[in-house]
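Visitor: no sequence for this one, just the structure:
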């Protein structure tokens, strides 16, 4: 069985489309599945939307993406775990490819990713090298990471000391367990952060994280792109 794990905080606007995509993909492939939404102290209708779309809700109050992913992974009943961000739309080909990879011996992996809507020019110029880096370094993006239950347990789950970049750390942990693949298939994730924050804000944050050698992702402060209050998409305003 597939267990889709979706961490969510105040995602009432985008969560419904994400869950509909997961249902459609699994049903198209004829696979047994469950959807777990890990609600991390939302104050909007995230829980209601999850329940309306047939998801099982696990509630935590961590305000930490890694811990939310781990809570969903622990609650999952499937042998195949697929972690999907709440603002990401999957499709049957990428789910099929992930399952085939695991059934053929891969312990886990990720996939290509695209952003929806209008993407600023500065961001478009960074997308190609970012995809290339993920591919060459064999890293999964947070939008879509999959692994077997056995590999998840052996890796100890996501590193709960990290408030960001936990997907990169998990990719490395899974590679220590066996073959890790990055699929050519793509998911579509929200480009709202690229629209809500300026080039200076995002590039400044990435520069600071690079200079701190990873210590900057071990605390929530300063990680407003992931944890700040600016969550509305300017395209929806």
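Guide: Right, received. Where do you want to start? These numbers were taken from a predicted model, which means no experiment stands behind them.
Visitor: ranges for the strands of the chain?
Guide: Here the chain has its strands, by DSSP state E, at 2-8, 33-40, 56-60, 80-84, 88-89, 108-115, 144-148, 180-189.
Visitor: and stretch 156-173, which residues are buried?
Guide: Neighbour-count burial for stretch 156-173 flags 157-160, 162-171, 173 (criterion: 16 or more other C-beta atoms under 10 Å). Heads up, the C-betas are built off the backbone N, CA and C, glycines and all.
Visitor: can you check stretch 216-234 too?
Guide: 216, 217, 222, 223, 225, 226, 227, 231, 233.
Visitor: what do you get for stretch 72-88?
Guide: With burial defined by 16+ other C-beta under 10 Å, the residues of stretch 72-88 counted as buried are 72-73, 76, 78, 80-88.
Visitor: what angle do the longest helix seen in the chain and strand 180-189 make?
Guide: In the chain, taking DSSP state H as the definition, the longest helix is helix 121-137. Calculated by axes from the mean of the first three to the mean of the last three C-alpha atoms, to 10 degrees, helix 121-137 forms an angle of 160 degrees with strand 180-189.
Visitor: low pLDDT regions in the chain?
Guide: Applying pLDDT under 70 to the chain picks out residues 213, 230, 236-237.
Visitor: at 80 what do you get?
Guide: Scanning the chain for pLDDT under 80 picks out 126-128, 130-131, 133, 205-206, 209-214, 225-226, 228-237.
Visitor: closest to residue 50 out of the buried residues of stretch 216-234?
Guide: residue 231 (17.1 Å; C-beta to C-beta).
Visitor: which stretches of the chain form helices?
Guide: 15-29, 46-52, 65-75, 92-103, 121-137, 149-155, 166-175, 192-196, 199-211, 224-227.
Visitor: on that earlier part again, show me what the longest helix of the chain is in contact with.
Guide: Here helix 121-137 makes contact (C-beta atoms under 8 Å, 6 or more residues apart in numbering) with 110, 112-113, 115, 119, 139-141, 182, 191, 194, 199, 202-203.
Visitor: what bridges to residue 145?
Guide: Beta-bridge pairing for residue 145 (DSSP bridges): residue 83.
Visitor: what's around residue 33, how many residues?
Guide: Residues lying near residue 33 (other C-beta atoms under 10 Å) number 18.
Visitor: who are the contact partners of it?
Guide: Counting by C-beta under 8 Å, 6+ apart, residue 33 touches 1, 2, 3, 4, 22, 26, 78.
Visitor: tell me how far the nearest residue to the second one once chain neighbours are set aside lies from residue 19.
Guide: Nearest residue to residue 2 in three dimensions, chain neighbours excluded: residue 33, at 4.1 Å (C-beta to C-beta, 6 or more residues apart in numbering). Computed with C-beta to C-beta, to the nearest Å, the distance linking residue 33 and residue 19 is 12 Å.
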